[in-house]
Each structure stands twice: as structure tokens, then as C-alpha cells.
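>>> For reference, the sequence and a predicted model appear below.
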Protein chains: 2
Amino acid sequence: MTGFTPPPPSPDHGTPDGTPDGTRGEHPGLALIPVGEPPQLRADAARNRTRLLEAASRLAARCGAANLTMEAVAAAAGVGKGTVFRRFGDRTGLLLALLDHREQQLQAAFISGPPPLGPGAPAAQRLHAFGPAVIRHERDHHDLILATRTDPLRAYSVPARHLRLTHVAMLLREAGVDGDAELLAHTLLGYLDTTLIHHLSVERGMSPDRLDATWHDLVTRLGAGPAE
Amino acid sequence: MTGFTPPPPSPDHGTPDGTPDGTRGEHPGLALIPVGEPPQLRADAARNRTRLLEAASRLAARCGAANLTMEAVAAAAGVGKGTVFRRFGDRTGLLLALLDHREQQLQAAFISGPPPLGPGAPAAQRLHAFGPAVIRHERDHHDLILATRTDPLRAYSVPARHLRLTHVAMLLREAGVDGDAELLAHTLLGYLDTTLIHHLSVERGMSPDRLDATWHDLVTRLGAGPAE
DNA sequence: ACTTTAAACAGGACCTCGGTCCGGTTTTAA
DNA sequence: TTAAAACCGGACCGAGGTCCTGTTTAAAGT
């Protein structure tokens, strides 16, 4: 029994809460947050969590997500280095948590936002709207997203990915597409992969229009109706 | 002028030559290798290159590609640490060079091998055969491939990727598929991405049959004929 | 065959950063 | 009041990567 580490209450790989951008949050009373998964952090832990996310967000904006160092984040947040790792597990965990917060705007848009992206429009139209929305979102945060891809396998386990997958698969079925909806959804999401989009638009200089057009083409060919 | 580094003759990111597995290669005479790109390494440099690749291959087989350390490779090859970096640039470069060598078997199969993968069969059939072949190949080397994905963007610049892309795009056009052949090819290759395949088969437990079936479905829906 | 010259080499010091661990201290919640 | 949980802060390790000194070696010129 030399180095035994009972898993510290499982660091979060990015779960909703935190509100890491607002400058409020000193009074921990009033549990407004409809938090679901995080097993209730202790008050000081939660406070440090948001401090860390704020600091990370600042530093990422200043120096780029790729240049974030854990020590710098810890120092900027005024906490010890160990605290950062206790909370987020590792660097990727921190970046994912950062990303997750921003991701929720997109999620809200296609889950409960106005049509054609949100509910209310026919499934095919929602699908057609989905691609360009994701592409735009990913372009806005490409540096952060790319920085998380140091651990390629984890990208598939992150809740955001799963949510997108379920959503697209559902729309495919709803649009009357026959076949393996889950794998077809994976294929569509593959086309929207940040790395690919970044490569095509930045390194190959493809226009957004061309990327969008092929999305519509794909959705149509997979059996959902045309865009119109 | 403190730390200026005139780019050392550009380390290779994985280019054909080397024959890093055979145990021959002591007599550097007889330039049999129809080498194209590598700007002719000096004899001792070439020798060290193959030594390094051999050592790396051994170590990767023993401990897994993820646990390869540059110093271990250097030591096992009996060269200095600096030599490894001079030759391959960085760890990813070394891994890509390793991978590239194994990739050539697959390339030979679909470029000049027997039908239906190689030339001689109709384009649609070649396309249908392409997916399962790549999936099998990637499963065989998934640890090595995943280890290179630490640098996600580089995966798109590597010659092997470009070759696959051109090949698939050509087959699509040849099969009479209309639309943006290049982007459709990217989509198909996205479905074959090692990370995705690994996630689906290992972590989600999907059967190879199901993965293959969806490949055929995809190719068919994109407009090439059915498999038959 | 001999000299020359540029390139490659060994090998290790050195830096950075991710990640672990620990001893002592503070804070929270019961 | 008390016990558990979180924290600080830094020592510590491993590995990637840089750089430098002096040495070897291959290749081109005579």
C-alpha cells in the first residue's frame, strides 16, 4: 500500500452548472441551479470551481487555449495546483468543462430553440438547419475544441457528443429515413467534425457555402427530404 | 541571434523507403530503392533511420505504441537522443513514419492489387470493397494510429490520408456519382476514421458486420451502385 | 590515395509542463 | 464540537523537446 488513490469524488468531465463567466456567485445560498449530475460540491469547492473556470477562460482568451498551462490557471485563480487536478482530473478535463459551458447555448438552440433548428419544424428541415449551425459554432470555438482533441477517444464519450448523436439519430428516424440511424448519425457528425471543418476551411480554403451545400446534399442523399 | 535554427533538411513525416523490418541493409551500395521524396539521406543517416524504426517497432510491439518514449527508442537503437529528433522532428513524426511503412501494404492493395479492391473491377465494387479493407487494416494497427492522433490536425496532412482521399474521390466520379466528390470522399473517410471505428467496436461493442453493412449502405446512398 | 568540408553524430545538460503525492491547515456540514 | 472534506503549496517524477561541444564520418575535389 504505497500509492493508493481512492477515486476522489470523480472529477467532472464537463457538466452543466458553474456559470463561469458571470461575476456573481459570492453568496452560496439560494440553490437556484437545477444541477443534476455533480454530486453537490461543497460550497468552497464550487466556488473554487467557478474561479478556475473564469481564470481559464480569461487565459484562454488571451493566449489561446493551446497555451493554457495548469499552473497558470491555478495561479490566476488563486488556488493550489492540486485543486485544479482534484476538480477536473487533467488538462483535457478542464478544457472540456470550459467547452461544455459554451456548448450549452448550441444545445439549447436545437433542443428548445425556435424552428427550423428547434422543435416545430419538420424533422428534415431541422436536420438541414443542424449542420450549418454546428459548423458555425465549431468555427467560433475551434481553438478550444482542437485543444481538447489531445485525447481523441474521449471526444466520443463526452456528453455533448452523445447528445448530438441522439438528436440527429432521432431526426433521421423522424424524417422517415430507413437504415441504421445511429451509424448514419455518426457519419453526419463525422462530416461536422471540428478537425475536418478546420482543415477544409482554413488549410484548404474552402468557402462556408461549399461546406454548407455539401451538408444539405448529404442529408438529402441519406433519405431525408431536400431542404426547400 | 540567440537560438536560430535553420530548418534541418526537414525531418520526414513518414515517407516511403527504409524497409525498417528486414534485417538486411548493411551494404549501402546498390541503390535499389526508387525513392522519390526524401532528399537522399547520407549513408549513415539512412542507416540510423532504419535502426530507429526497427527499434521503435520492437518497443511498440512490446509495450504498446502509447508507451513509446523517445529516449527508450534512442537507447534501443544505440543512437543519441538528438538524432531521433533530427530525423523525425517529434514523437508524432516518428510514429507517423512507423505507420507509413505499414500503410503501404494497404495502399498497394487498393492501387495495384487484385480486384475487387484493386483495378479491374467496376468503380462501385471497388468502393464497396474499400471500406471493409480499411476497417480491418485500422483495427490491426489501432494502437499505433491512435498514438499519432495526439496532433489531430496533422492526420489530414499526412500523405496516406491524401492518397486515400484522392482514390475515393476518383472512384466516386468514376462510378458516376454527381456532386462534390471531394467532400463526399471526406465524408466516407470520416466514417472509416480509426477513432470512430474503435469507439464503436470496442466501447460500444458493435459487430464488424454491422459496421461493414453501414459502409455498403452509405456507398449505395451516395449514388454509387449497390454492392451486388 | 589524400585532403577538405559540410553534415551527421553522441550524449548529456537543461527547460517546460502534465501529473502525483504528501504534510499540515482551513473550512464546511452535521 | 467534531470529523470529514477540501485546500495550499510545493517537492517530486517522467517525458517531450531544445541546444550545445566536441567528435566522427561520409562525400566531393585534387
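Cool, got the structure.
>>> mind checking how far the helix or strand hosting residue A:134 is from the chain centre?
Assigned by DSSP states H and E, residue A:134 belongs to helix A:123-140. Relative to the centre of its chain, helix A:123-140 is centred 14 Å away, using C-alpha atoms, centre = their mean, to the nearest Å.
>>> how about that helix, does it get close to chain B?
No. Using C-beta under 8 Å from any C-beta of the partner chain, helix A:123-140 stays clear of chain B, coming no nearer than 11.6 Å. Backbone N, C-alpha and C define where each C-beta goes, glycine included.
>>> Any buried residues in that helix, and which?
For helix A:123-140, a neighbour-count test (16 or more other C-beta atoms under 10 Å in any protein chain shown) marks A:123-135, A:137-139 as buried.
>>> Can you name the residues in contact with whatever helix or strand comes next after that helix?
From helix A:123-140 onward toward the C-terminus, using DSSP H and E, the following helix or strand is helix A:142-148. Helix A:142-148 has contacts (C-beta atoms under 8 Å, 6 or more residues apart in numbering or on different chains) with A:60, A:64-66, A:68, A:92, A:95-96, A:98-99, A:102, A:138, A:154-155, A:194-195, A:197-198, B:152-153.
>>> give me every residue that touches residue A:191.
Per C-beta under 8 Å, 6+ apart, neighbours of residue A:191: A:131, A:214-215, A:218, B:183, B:186-187, B:190.
>>> Please enumerate the helices of chain A.
For chain A, helices defined by DSSP state H occupy the ranges A:43-63, A:70-77, A:81-88, A:91-112, A:123-140, A:142-148, A:154-157, A:159-174, A:181-191, A:194-198, A:208-221.
>>> how many neighbours does residue A:225 have?
By other C-beta atoms under 10 Å in any protein chain shown, 16 other residues sit near residue A:225.
>>> Can you tell me, leaving aside adjacent residues, what's nearest to it?
Nearest residue to residue A:225 in three dimensions, chain neighbours excluded: residue A:124, at 4.2 Å (C-beta to C-beta, 6 or more residues apart in numbering or on different chains).
>>> How about the residues of chain A by chain B?
Residues of chain A lying near chain B (C-beta under 8 Å from any C-beta): A:146, A:149-150, A:152-153, A:155-157, A:179-180, A:183-184, A:186-187, A:190-191, A:193, A:195-196, A:198-200, A:203, A:210-211, A:213-214, A:217-218, A:221-223.
>>> Contact partners for the residue nearest to residue A:152 when sequence neighbours are not counted?
Residue nearest to residue A:152 in three dimensions, not counting chain neighbours: residue B:149, with 4.3 Å by C-beta to C-beta, 6+ apart. With contact set as C-beta under 8 Å, 6+ apart, residue B:149 has these partners: A:149, A:152, B:155, B:194-195.
>>> neighbours of the residue lying closest to residue A:213 once chain neighbours are set aside, just the number please.
Leaving aside its chain neighbours, residue A:213 sits nearest to residue B:180 (7.3 Å; criterion: C-beta to C-beta, 6+ apart). Residue B:180 has 19 neighbours, counted by other C-beta under 10 Å.
>>> I'd like the distance between residue B:180 and residue A:217.
Distance of residue B:180 to residue A:217, given as C-beta to C-beta, to the nearest Å: 7 Å.
>>> Over to residue A:148?
For residue A:148 relative to residue A:217 (C-beta to C-beta), the value is 29 Å.
>>> One more: residue A:169?
20 Å.
>>> What of residue A:55?
The value you get for residue A:55 to residue A:217, if C-beta to C-beta is used, is 43 Å.
>>> Got the confidence number for residue A:27?
On pLDDT, residue A:27 comes in at 29.
>>> Once you drop chain neighbours, what's closest to residue A:223?
residue A:177 (4.0 Å).
>>> Pass me the low-pLDDT residue ranges in chain A, would you?
Low-confidence regions of chain A, defined by pLDDT under 70, span residues A:1-39, A:228.
>>> Number of residues surrounding the closest residue to chain B within it?
Relative to chain B, the nearest point of chain A is residue A:190 (3.3 Å; C-beta to the nearest C-beta). For residue A:190, the count of nearby residues is 19 (other C-beta under 10 Å).
>>> what do you get for residue A:158?
18.
>>> Please report how far it lies from residue B:196.
Distance, residue A:158 to residue B:196, using C-beta to C-beta: 14 Å.
>>> Which positions in chain A make contact with DNA strand C?
A:2-3, A:5, A:42-44, A:68-71, A:81-82, A:85, A:90-92 (C-beta under 7 Å from any atom of the strand).
>>> what about 6 Å?
With C-beta under 6 Å from any atom of the strand as the criterion, chain A meets DNA strand C at residues A:3, A:5, A:42-44, A:69-71, A:81-82, A:85, A:90-91.
>>> Check the residues you listed one by one and keep those near DNA strand D.
Near DNA strand D, by the rule C-beta under 6 Å from any atom of the strand, you find A:42, A:44, A:81-82 out of the residues of chain A next to DNA strand C.
>>> For the buried ones among the residues of chain A next to chain B, write the corresponding ChimeraX selection.
Buried residues within the residues of chain A next to chain B, by 16+ other C-beta under 10 Å, are selected in ChimeraX with:
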select /A:146,149,150,152,155,156,179,180,183,184,186,187,190,191,193,195,196,198,199,200,211,213,214,217,218,221,222
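>>> ok, now which ones touch residue A:125?
Per C-beta under 8 Å, 6+ apart, neighbours of residue A:125: A:115-116, A:227.
>>> where's it relative to residue A:118, distance?
Noted for residue A:125: a distance of 11 Å to residue A:118, by C-beta to C-beta.
>>> The residue nearest to residue A:225 against residue A:216, yeah?
No. At 10.4 Å, residue A:124 does not count as touching residue A:216 under the criterion of C-beta atoms under 8 Å.
>>> anything in contact with each of those two?
A:226-227.
>>> re earlier: can you name the two of the residues of chain A next to DNA strand C that are farthest apart?
Taking C-beta to C-beta as the measure, the residues of chain A next to DNA strand C span a maximum distance of 30.0 Å, between A:3 and A:43.
>>> of these two, who's got more company?
residue A:43 (10 against 4).
>>> what does chain A have sitting close to DNA strand D?
Going by C-beta under 6 Å from any atom of the strand, the residues of chain A near DNA strand D are A:9, A:42, A:44-45, A:48, A:79-83, A:86-87.
>>> quick one, phi psi at residue A:115?
Backbone dihedrals for residue A:115, given as degrees, to the nearest 10, come out at phi -60, psi 160.
>>> contacting residues around it?
For residue A:115, counting by C-beta under 8 Å, 6+ apart, the contacting residues are A:121, A:125-126.
>>> switch to 7 Å and redo it
If a contact means C-beta atoms under 7 Å, 6 or more residues apart in numbering or on different chains, then residue A:115 has residue A:121 as its contacts.
>>> Distance-wise, check it relative to DNA strand C.
41 Å (C-beta to the nearest atom of the strand, to the nearest Å).
>>> what do you get for residue A:223?
Residue A:223 is 42 Å from DNA strand C, by C-beta to the nearest atom of the strand.
>>> Residue A:108 too?
With C-beta to the nearest atom of the strand as the criterion, residue A:108 and DNA strand C are 29 Å apart.
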